[in-house]
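Chemist: A structural model of the following input is requested.
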Amino acid sequence: MRAGGWDIGGTTRDLEKRSFLRSKGIKAHLFDYEHPLGDPYFILDGTTHLLISTPPDDAGDPTFHMHAQDIVRIPTLEWVGYLSTTGVYGDRDGGSVDEYSEIRPNSKRGSRRVRAENEWYSLFQHYGLPLHIFRLAGIYGPGRSALDSVRAGVARRINKPGQVFNRIHVEDIVQTLVASMARPNPGAAYNLSDDDPVPSWEVITYTCELLGITPPPIIPYNEADMAPITRSFYSDNKRVLNDRIKRELGVTLKYPDYKKGIDACLAAENDPSMQAMMENLSASED
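Modeler: Model (predicted):
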């Protein structure tokens with residue numbers, strides 16, 4: 001977007017990341033659950049497109065609670081996006097869901113997202129905020145994929161018969177957001193997922209084959225020792241339909257299945273610009 005002449009700002013919770021972002025020409029500011037923006041009228045002045053990706057807690061979305069009234073007073077706003085999750089649909093026992101399916105979360109994380117969605121949607125209803133909700137499946141991309149968990153030796157092949165997951169490559173998230181900005185439809189919700197829901201163990205198997213590594217043994221779900229948050233991911237079993245982004249926004253997925261996505265992540269590791277970016281991000285996290 002910067003290459004297209006956009007002026008970009010953003011927030012981070014980390015001082016080092018703020019310095020990194022500013023070195024790239026991004027107007028970065030500190031923001032977290034305890035610290036609202038110091039001067040929101042100055043920072044948000046002139047904003048036309050606002051993307052909200054802050055994760056909610058039990059109280060709701062921190063951005064909403066700290067800055068909802070600041071945001072609705074921005075006269076230049078043309079588009080607002082909120083990144084949610086397909087977890088809001090809950091478990092469908094392997095059935096399919098689209099944007100018109102009933103919202104019925106069955107996890108704490110899903111319930112938090114429903115509350116946050118409703119908070120932002122209230123501003124669309126009462127103030128005409130040009131809101132768009134994006135419900136994301138499992139996100140992956142260069143530096144954050146099965147390649148990394150396999151190499152780190154932490155990947156496991158857990159088999160829960162009939163269980164499938166959708167995923168979404170970060171580049172497909174980006175292109176969908178940009179497409180929505182070009183075709184705004186305030187009040188709309190969109191599912192962001194691939195076309196190929198499969199068991200998680202299948203992704204690990206393919207990744208190991210790609211790297212020439214012997215896959216870890218398959219562990220039956222009932223015998224797997226998992227942290228509660230990991231086990232909660234297996235409580236939802238559904239196939240997420242993405243027809244709306246294709247029909248309304250004209251999106252053609254770059255990575256419609258996990259194999260194309262993992263292949264692209266591996267290829268990106270040999271891209272000098274991607275290597276530099278990941279090194280900088282890793283250094284800032286350290």
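Chemist: model confidence over the top helix by length along the chain, on average?
Modeler: In terms of residue count, the longest helix belonging to the chain (DSSP state H) is helix 108-127. The predicted model assigns helix 108-127 a mean pLDDT of 96.
Chemist: give the buried residues for that helix.
Modeler: By neighbour count with 16 or more other Cβ atoms under 10 Å, helix 108-127 contains the buried residues 109-117, 119-121, 123-124. Every C-beta, even on glycine, is put in place using the N, C-alpha and C of the backbone.
Chemist: now stretch 192-200
Modeler: Neighbour-count burial for stretch 192-200 [16+ other Cβ under 10 Å]: L192, S193, D194, D196, P197, V198, P199, S200.
Chemist: and these, which is closest to N270?
Modeler: Nearest to N270 among these: D194, at 23.2 Å, using Cβ to Cβ.
Chemist: from L44, how far off is that closest one?
Modeler: 34 Å (Cβ to Cβ, to the nearest Å).
Chemist: likewise S200?
Modeler: S200 is 40 Å from L44, by Cβ to Cβ.
Chemist: one more: P217?
Modeler: Taking Cβ to Cβ, one finds P217 at 52 Å from L44.
Chemist: more neighbours, those two?
Modeler: Taking neighbours as other Cβ atoms under 10 Å, P217 and L44 compare with L44 leading, 19 against 7.
Chemist: correct me, but that one touches Q69?
Modeler: No - using Cβ atoms under 8 Å, L44 is not in contact with Q69, being 11.5 Å away.
Chemist: sketch out the low-pLDDT regions of the stretch 151-286 of the chain for me.
Modeler: Counting by pLDDT under 70, the stretch 151-286 of the chain shows low-confidence ranges at 272-286.
Chemist: average pLDDT for the helix or strand following the longest helix of the chain?
Modeler: Using DSSP states H and E, the helix or strand that follows helix 108-127 towards the C-terminus is strand 131-136. Averaged over strand 131-136, pLDDT sits at 98.
Chemist: name the helices or strands packed onto the helix or strand following strand 131-136?
Modeler: Next helix or strand after strand 131-136 toward the C-terminus (DSSP H and E): strand 138-140. If you count contacts as 3 or more Cβ pairs under 8 Å, 6 or more residues apart in numbering; DSSP states H and E, strand 138-140 packs onto strand 167-169, helix 170-182.
Chemist: can you give me the strands in the stretch 151-286 of the chain?
Modeler: Applying DSSP state E, counting those that start in this stretch to the stretch 151-286 of the chain gives strands spanning 157-159, 167-169, 189-192, 218-220, 239-240.
Chemist: how far does the longest one sit from its chain's centre?
Modeler: Once both centres are worked out by Cα atoms, centre = their mean, to the nearest Å, strand 189-192 turns out to sit 11 Å from its chain's centre.
Chemist: give me the helices and strands touching it, please.
Modeler: Looks like strand 189-192 contacts strand 131-136, helix 170-182, helix 243-249 (3+ Cβ pairs under 8 Å, 6+ apart).
Chemist: what are the contacting residues of it?
Modeler: Contact with strand 189-192 is made by 84, 86, 97-99, 117, 132-137, 168, 172-173, 176, 180, 240-242, 244-245, 248-249, as judged by Cβ atoms under 8 Å, 6 or more residues apart in numbering.
Chemist: direction included, what does that strand pair against?
Modeler: strand 131-136 (parallel) (DSSP bridges).
Chemist: who's in contact with the partner strand?
Modeler: In contact with strand 131-136 (Cβ under 8 Å, 6+ apart) are residues 79-86, 88-89, 99, 117, 120-121, 123-124, 168, 173, 176-177, 180, 184-193, 240.
Chemist: same check on stretch 42-62?
Modeler: Residues contacting stretch 42-62 (Cβ under 8 Å, 6+ apart): 9, 27, 29, 31-33, 37, 63, 65, 70-71, 74, 76-83, 112-113, 115-116, 119-120, 177, 181.
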